[in-house]
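Participant: Fold the following for me, if possible:
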Amino acid sequence: MIKFLLMVNKQGQTRLSKYYEQVELGKRAALEADVVRGCLARRKEECSFVEYKDYKLVYRQYAALFIVVGITENENELSIFELVHNFVEVLDKYFSRVSELDVSFRRGFYSLMYNQIMFNLDKVHIILDEMITNGHIVETNKNRILAPLLALDKMAES
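Facilitator: Numbering: from 1, shown residues only. Purely as a prediction, here's the structure:
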C-alpha cells in the first residue's frame, strides 16, 4: 500500500505532498525532513529503494525534482518505480499540451514541468487522485487519467 507521495526540489523543499494515511501535521514535517534528507544524500549510482522506519521508500529524480513514495513492506518496489515514471509521463503529456512549447531536450522540459506543477497543484492532485485511491493504484492508462482533467479544461474554455 502507498502511504505517501512527495515531490521535492534539490534544495529539499517539499513542493507537493499527498498522504494516504492519517499523519499529524507536526509529524509530517519531521517525516518529510528525514525522508528528503535521506534521499537527497544518496548518489546516482545507489539503488532507488531505501528502507526507512516502517516504510520502504522508492524515489526517482527528474532534473531538479525528486519524487519519493513511501510504501508498506509488502508492496512491490518495481511497480511503484514504474508508477512514478508513469506519473511523470502523464504530467509531461498534460503540461506539454497546456503550454504548447516545443522543448527539444528533456532536461529543459523537466524545468518547464516543474514550473507548471508549482502553478497548477490542483491539477496535479487531480492526476494523482485518478491514479491512486486510498493508497492503491487504480489507473495507469494515460488517456483515462487525463480524461476528467481535459473535460474540466474544455468546460472552462466555454
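Participant: By mean pLDDT, which helix or strand of the chain comes out lowest?
Facilitator: Sorting the helices and strands of the chain by mean pLDDT, DSSP states H and E puts helix 106-119 at the bottom, at a mean of 61.
Participant: for the protein, which spans come out with low pLDDT?
Facilitator: Where the chain drops to pLDDT under 70, the residues are 97-115.
Participant: make it 80
Facilitator: 63-64, 96-118 (pLDDT under 80).
Participant: mind listing the helices for it?
Facilitator: Applying DSSP state H to the chain gives helices spanning 25-40, 77-99, 106-119, 121-131, 142-157.
Participant: right, and these - which one's nearest residue 10?
Facilitator: helix 25-40 (7.1 Å; CB to CB). Where C-beta positions appear, they are placed from N, C-alpha and C, glycine not excepted.
Participant: which residues sit against that closest one?
Facilitator: If you take CB atoms under 8 Å, 6 or more residues apart in numbering as the criterion, helix 25-40 is touched by 4, 6, 8, 10, 12, 14, 17, 19, 23, 50, 52, 57, 59, 66, 68, 70.
Participant: got the buried residues for it?
Facilitator: 31-32, 35-36, 39-40 (16 or more other CB atoms under 10 Å).
Participant: Kindly reformat those as JSON lines and extend each row with distance to residue 154.
Facilitator: Output for the buried residues of helix 25-40, formatted as JSON lines (distance: CB to CB, whole Å):
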{"residue": "31", "distance to residue 154": "38"}
{"residue": "32", "distance to residue 154": "36"}
{"residue": "35", "distance to residue 154": "38"}
{"residue": "36", "distance to residue 154": "37"}
{"residue": "39", "distance to residue 154": "38"}
{"residue": "40", "distance to residue 154": "39"}
